[in-house]
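Participant: next one to model:
(chains A, B, C and D)
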4 protein chains.
Amino acid sequence: MYCFNNDYSEGAHPNILNAMIQASLDQNAGYSLDVHTEHAKELIKKEIRRDDVDIHIIVGGTQTNMLTISAALRPHQAVIAAETGHINVHETGAIEATGHKVLTQQTPDGKLTPALIQKTLDWHTDEHMVQPKMVYISNTTEIGTQYTLAELEAISAFCKQHALYLFLDGARLGAALTSPINDLTLADIARLTDVFYIGGTKNGALFGECLVITHPDLKPDFRFMLKQKGAMLAKGFLLGIQFEEMFQNNLFYDMAAHSNEMAAILKKTFAECGFPFFSDSASNQQFPILPNDLIAALRENYQFQTQQAVDETHTAVRFVTSWATKEEAVRQFAADFKRLAGK
Amino acid sequence: MYCFNNDYSEGAHPNILNAMIQASLDQNAGYSLDVHTEHAKELIKKEIRRDDVDIHIIVGGTQTNMLTISAALRPHQAVIAAETGHINVHETGAIEATGHKVLTQQTPDGKLTPALIQKTLDWHTDEHMVQPKMVYISNTTEIGTQYTLAELEAISAFCKQHALYLFLDGARLGAALTSPINDLTLADIARLTDVFYIGGTKNGALFGECLVITHPDLKPDFRFMLKQKGAMLAKGFLLGIQFEEMFQNNLFYDMAAHSNEMAAILKKTFAECGFPFFSDSASNQQFPILPNDLIAALRENYQFQTQQAVDETHTAVRFVTSWATKEEAVRQFAADFKRLAGK
Amino acid sequence: MYCFNNDYSEGAHPNILNAMIQASLDQNAGYSLDVHTEHAKELIKKEIRRDDVDIHIIVGGTQTNMLTISAALRPHQAVIAAETGHINVHETGAIEATGHKVLTQQTPDGKLTPALIQKTLDWHTDEHMVQPKMVYISNTTEIGTQYTLAELEAISAFCKQHALYLFLDGARLGAALTSPINDLTLADIARLTDVFYIGGTKNGALFGECLVITHPDLKPDFRFMLKQKGAMLAKGFLLGIQFEEMFQNNLFYDMAAHSNEMAAILKKTFAECGFPFFSDSASNQQFPILPNDLIAALRENYQFQTQQAVDETHTAVRFVTSWATKEEAVRQFAADFKRLAGK
Amino acid sequence: MYCFNNDYSEGAHPNILNAMIQASLDQNAGYSLDVHTEHAKELIKKEIRRDDVDIHIIVGGTQTNMLTISAALRPHQAVIAAETGHINVHETGAIEATGHKVLTQQTPDGKLTPALIQKTLDWHTDEHMVQPKMVYISNTTEIGTQYTLAELEAISAFCKQHALYLFLDGARLGAALTSPINDLTLADIARLTDVFYIGGTKNGALFGECLVITHPDLKPDFRFMLKQKGAMLAKGFLLGIQFEEMFQNNLFYDMAAHSNEMAAILKKTFAECGFPFFSDSASNQQFPILPNDLIAALRENYQFQTQQAVDETHTAVRFVTSWATKEEAVRQFAADFKRLAGK
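Facilitator: Residues are numbered from 1 along each chain as shown, chains lettered A, B, ... in the order given. Sure, this is the predicted structure:
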């Protein structure tokens, strides 16, 4: 049984584990005030070519979303997201639990646009309704799609014009930045957003999301928020060590590229067999629409998740690859798939 | 420079790290639904001699406190704590951020008693005030003291009688259970409290607090709360592996015992030099009251925290040892201390 | 200039004001523990033919919604509403500010159905999503439509079957119960819902919404919630006096019936001139779709609100009548309207 | 049985009721956008001799406190209050329910001072603790004491120096401003605080607290907060009419002065009989310490509240007078008291 359920089934890249072991008996300062975290921050600043940012490395994604949004908004303010956005669907109301409404727009491809954001603004005109103040996007999105430089520039300009903070959830930013259709750099993202994060959990770290705050209004007292939301890790140096390792050589990109390459083999397999896709993804999540009996047959040897029923006999399913996905397993899957699909 | 600042300066015990490396390339189920977590739960259930409990392993202590308290209380209900309690002082209002007041009582030794809890109940009599519904205690306490079996039984009986949930914060439960004055077992604690946790972070794990829920009212839907508060780790198997390792042999107790033994050497040193203590601790935190000039001299080679000024020339300071504290460092400190103290 | 903006432009019915003046110099118990409130509760219990309910009279509607929902739900639970529901649109995120997500379904007519509720349940299957636990409906709805007995029975049965609390917002319940198409009684509503309220603000009281809790789980400690949310009026007897007056004779129904009758004249006027309606309302809110130039002409002498643009030259507008709407003003409007519409 | 329980037992001054009746059939704009509210604001601005303020009239005191504090603070910030402060004791955790900790200091007389505030600041030094950002005081206090101009100036200067907002709860501000020992004006209070309110509920209005915001940071979007917390009254003109009436002649002060005069008679009675006081009040709340048997005898004909036991045979009790307290009742009480006290 091989598992394509997600990109967080395995532990961490051996280099990361080795770095943690090397430092394990050192006495480090607690709460992310250690030298490894300091070094990781320098590496990230170099990568994004900016020094005037605040960086906080946080254990998990839901935590990072909840923290960032609740730190930025006053009580009556709301965040705008795609209806499929992680904060709207898969965080058990974490944002609402901090008091804020998530305003959503349906999208064809999981991506927001200035026009969609404008629709929300048009609707919210007085004090009887919440006040939209932040835009939340993900790159890649929940359905594997991604923003181009032009698209991100358009959203960024729109947000500035309307005094909206732009927050980019980068839980799968590695996959986006190394995808064949990507034309963005980390420096672009730092330039075009007010706050964003670089995901470690879904790209070969044990855990860790590196939050970069570029907008001055969002910086003050963020560590108070971290502590209050239970997000200040006592042994914060564990976060620092992992991002140090990922960014002191090319490991972060290498792992994401591998993940995308494995997904590309899957994509090619599905396409060659003539199956359509639920979304047009060039990254490590693939959503083929398959006949239900083929899905059943595949499940005898492979794990993967159901996205949603498409019609009575077809279902969109999700295959996810990771930094650790073995090429031989993917090749074996491709062969099995073609056989079962009768191609 | 040797550091006695806290018990979370170092990484994790080598056995724990090795276990993580061994499992690193396995494909595990996410979100703590994996086999390691399952096994860890079985080991804990055996240790507490109860099967009818729910167990959740959570990354950090503030997170665990916030989660447990907010999951248990209705909006108008409050938790009672010692004024020195961690939830009252050192969590940046995490409990209040979930909507609940922390009601406090001053204590001579960091420990609550039925009489102190009764004082809070006496005061809260109608709907114009919050309704006390939970009692929060720590073992060991913030100042290193600990509950005896008789004391815990008295509080437990009182809480049952008054329909108060009893919650024991065991961030340093290892230190309590292996202290020379302890007469409690994990099974006692499971029997006498409604919910408690076994701390990993401060006892040799990278991170992790193992929450045990014994009261049926506190069990339903706890995983929803975990997710909502950002406390459901994607790679939850990392938590399972660590507690598996700590409880499949005696490692949890061995590490705590070492920590206490190192602290006992410090305690003996302070006492032999005739210095009094801020609290009467038999565990891994020691709070000697020292002359300010001696403190200054010590700080040239040692790190430790200030507790509070006692008079103009004396200050209570805190020395903390850990599973990783080296005996040679402690012996060296003892010699240096005696020399500087002129004894 | 005559105003059809809403049903809360005027003060209160003279009988209500007189009752308040009569009692003004009495010394009443505070916080709704007075004899008037007691009497009002008895009258309501008689009207709904149930004694086993808890009743609380609250100043405003948003307050009542926020209170009732936050008192009923645990932190991870959510309330289901029509997308047009007041709690979703017009309460500035009051529900979310208490920590709960509002889950919405689009409806053709502002009314929920078992099938629509089921769609929300189907989607929410695990702890990564909020847990639906309450259904919120309004009668009449935001767009003037109303539930039949059969419809309410169907929703009620569905909710019981799925362990969902059913909450009916009756801010305009008077208008619903006295509409020509109504087949519900207050007793039916008390039988079929778990909690509901009888609106005073929009039916001739100065203010006041009378909340009736029928489900035992929702009763405990509600007064604590009232106080905490700032909803316990010091001079609560003002609320009691008003509901006493409205229910000791037929005043509540008489005022609502008048309001509906005035709206019926408007409706007939619009229909006779051949204009369609945005919603099919038999109550005190009418939503004709009118040509924009006619709207502009009407606005020289009448106030009314815009609902939404329908096409480039037509807009749905809202006319609301109240207990105090003067028949002569409505007749004058009808004449003016026909003239301006060229009929 | 005559009632000295509180200052909100009776309805409203006849002038206020008359004004409400006069305006009852007018069509007013909703949500406090009406002409009466506009006029009331102008009158208040004149009274405080400032134009650059935002004014909102709100139904109740707990509501006003909760709103003002939660609108001003970021999530990690806290408010400092006397331990006896209304927000700490008698609001069922309303402040905590909005997410904020109330930091308290014990006071001898219910009043904060710069030295007491400094003690809280000294303790809160890093991100592991909440950040004090607002100071909450009441005038008069919960125990009838009041601030002098010099005291308020000292606190004001201290708060400015430490970037703390100063919030004055004036639920009983009328009583303070008309007390014989008062040397403050409304203009002083507007000059020295960042936000304060003028209480109507406890001074002859049916309800209503007039909040005046002087600090620019506290003004933006306050109406959103009003709506979200259920505090925007549909018929807001009821609030406007009442404050219009109270401030277009001297009614506000006249009512408070009467209340104080009635209390002065009580005070003189207690003092002449040789009884000590729990607090030194020159306003409408008096707290004599009386023998328990005398209290029991008084209770046969008078209602008043218990403050707290002082020793086994004596209790501090609370007598409150209002704008409506009848002098003949007070005279009768004085005679009865002297007789029962054997003087």
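Participant: so which strand or helix has the residue nearest to A:Gln77 when sequence neighbours are not counted?
Facilitator: Excluding the flanking residues, the one nearest A:Gln77 by CB to CB, 6 or more residues apart in numbering or on different chains is A:Lys133, at 3.8 Å. Glycine gets a C-beta too; all of them are placed from N, C-alpha and C. In this structure, A:Lys133 sits in strand A:131-138 according to DSSP states H and E.
Participant: buried residues in that strand?
Facilitator: Of the residues in strand A:131-138, those scored as buried under the neighbour-count criterion (16 or more other CB atoms under 10 Å in any protein chain shown) are A:Gln131, A:Pro132, A:Lys133, A:Met134, A:Val135, A:Tyr136, A:Ile137, A:Ser138.
Participant: coming back round to it: so the residue nearest to A:Gln77 sits against A:Ala72, correct?
Facilitator: Yes: A:Lys133 is in contact with A:Ala72 according to CB atoms under 8 Å; the separation is 7.3 Å.
Participant: can you work out which residues contact both of the two?
Facilitator: Common contact partners of A:Lys133 and A:Ala72 (CB atoms under 8 Å, 6 or more residues apart in numbering or on different chains): A:Tyr165.
Participant: state the pLDDT value of A:Thr62.
Facilitator: Reported pLDDT at A:Thr62 in the predicted model: 97.
Participant: so what's it up against?
Facilitator: Counting by CB under 8 Å, 6+ apart, A:Thr62 makes contact with A:His86, A:Glu91, A:Ala94, B:Lys227, B:Gly230, B:Met232.
Participant: count of residues packed around the residue of the stretch 201-343 of chain A found nearest chain C?
Facilitator: Using CB to the nearest CB, the closest approach of the stretch 201-343 of chain A to chain C is made by A:Gln308 at 9.6 Å. By the measure other CB atoms under 10 Å in any protein chain shown, the count of residues near A:Gln308 is 12.
Participant: follow-up on the earlier one: which parts of the helix or strand immediately after the strand holding A:Lys133 in the chain are buried?
Facilitator: Following the chain from strand A:131-138 toward its C-terminal end, the next helix or strand by DSSP H and E is helix A:149-161. Applying a neighbour-count criterion of 16+ other CB under 10 Å, the buried positions in helix A:149-161 are A:Glu151, A:Leu152, A:Ala154, A:Ile155, A:Ser156, A:Phe158, A:Cys159.
Participant: helices or strands up against helix A:149-161?
Facilitator: helix A:114-123, strand A:131-138, strand A:165-169, helix A:186-192 (3 or more CB pairs under 8 Å, 6 or more residues apart in numbering or on different chains; DSSP states H and E).
Participant: report the inter-axis angle for that helix versus strand A:165-169.
Facilitator: Relative orientation of helix A:149-161 and strand A:165-169, computed by axes from the mean of the first three to the mean of the last three CA atoms, to 10 degrees: 140 degrees.
Participant: give me the angle between helix A:149-161 and strand A:131-138.
Facilitator: Regarding helix A:149-161 and strand A:131-138, their directions subtend 160 degrees when assessed with the same axes, to 10 degrees.
Participant: send the alpha carbons of helix A:149-161 over as PDB?
Facilitator: This file holds the C-alpha atoms of helix A:149-161, laid out as PDB (Å, rounded to 0.1, in the frame of the first residue of the first chain):
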ATOM      1  CA  LEU A 149       3.400  37.400 -11.200                       C
ATOM      2  CA  ALA A 150       0.900  39.500 -13.200                       C
ATOM      3  CA  GLU A 151      -2.000  38.100 -11.100                       C
ATOM      4  CA  LEU A 152      -0.300  38.800  -7.800                       C
ATOM      5  CA  GLU A 153       0.700  42.300  -8.900                       C
ATOM      6  CA  ALA A 154      -2.900  43.000  -9.800                       C
ATOM      7  CA  ILE A 155      -4.200  41.800  -6.500                       C
ATOM      8  CA  SER A 156      -1.400  43.700  -4.600                       C
ATOM      9  CA  ALA A 157      -2.200  47.000  -6.400                       C
ATOM     10  CA  PHE A 158      -5.900  46.500  -5.700                       C
ATOM     11  CA  CYS A 159      -5.300  45.800  -2.000                       C
ATOM     12  CA  LYS A 160      -3.100  48.900  -1.600                       C
ATOM     13  CA  GLN A 161      -5.600  51.000  -3.300                       C
END
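Participant: in stretch A:27-35, what's buried?
Facilitator: By neighbour count with 16+ other CB under 10 Å, stretch A:27-35 contains the buried residues A:Gln27, A:Asn28, A:Ala29, A:Gly30, A:Tyr31, A:Ser32, A:Asp34.
Participant: typo on my end, it should be stretch A:43-50
Facilitator: Neighbour-count burial for stretch A:43-50, counted by 16+ other CB under 10 Å, picks out A:Leu43, A:Ile44, A:Lys45, A:Glu47, A:Ile48.
Participant: what's in contact with that stretch?
Facilitator: Applying CB under 8 Å, 6+ apart, the set of residues contacting stretch A:43-50 is A:51, A:53, A:55, A:186-187, A:189-191, A:198, A:210, A:212, A:214, A:243-244, A:247-248.
Participant: Produce a PyMOL select command limited to the buried residues of those.
Facilitator: Here is the PyMOL command that picks out the buried ones among the contacts of stretch A:43-50, judged by 16+ other CB under 10 Å:
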select buried, chain A and resi 53+55+186+189+190+198+210+212+214+243+244+247
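Participant: quick check, nearest of the contacts of stretch A:43-50 to D:Thr178?
Facilitator: A:Thr214 (54.6 Å; CB to CB).
Participant: I'd guessed the closest one sits against A:Val195; true?
Facilitator: Yes: in this structure A:Thr214 lies within contact range of A:Val195 using CB under 8 Å: 6.6 Å.
Participant: circling back to that earlier point, three-state assignment of the residue of the stretch 201-343 of chain A closest to chain C?
Facilitator: strand (DSSP: H, G, I helix; E, B strand; the rest coil).
Participant: host element of the closest residue to chain D within the stretch 101-250 of chain A?
Facilitator: Taking CB to the nearest CB, chain D has its nearest neighbour within the stretch 101-250 of chain A at A:Phe224, 3.6 Å off. With elements delineated by DSSP H and E, A:Phe224 resides in helix A:222-228, which encompasses its position.
Participant: test for you: state the pLDDT assigned to the residue in the stretch 151-300 of chain A that chain B sits nearest to.
Facilitator: With CB to the nearest CB as the measure, A:Gly230 is the residue of the stretch 151-300 of chain A nearest to chain B, at 3.1 Å. On pLDDT, A:Gly230 comes in at 97.
Participant: that one: how many residues sit nearby?
Facilitator: For A:Gly230, using other CB under 10 Å, the count is 27.
Participant: give the contact list for the closest residue in space to it that isn't next to it in sequence.
Facilitator: If you skip the residues right next to it in sequence, A:Gly230 has B:Gln63 as its closest partner in space, 3.1 Å away by CB to CB, 6+ apart. In this structure, B:Gln63 makes contact with A:Gly230, A:Ala231, B:Glu209, B:Lys229, B:Gly230, B:Ala231, judged by CB under 8 Å, 6+ apart.
Participant: got the residues you listed as JSON lines, with secondary structure columns?
Facilitator: As requested, these are exported to JSON lines (three-state DSSP):
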{"residue": "A:Gly230", "secondary structure": "coil"}
{"residue": "A:Ala231", "secondary structure": "coil"}
{"residue": "B:Glu209", "secondary structure": "strand"}
{"residue": "B:Lys229", "secondary structure": "coil"}
{"residue": "B:Gly230", "secondary structure": "coil"}
{"residue": "B:Ala231", "secondary structure": "coil"}
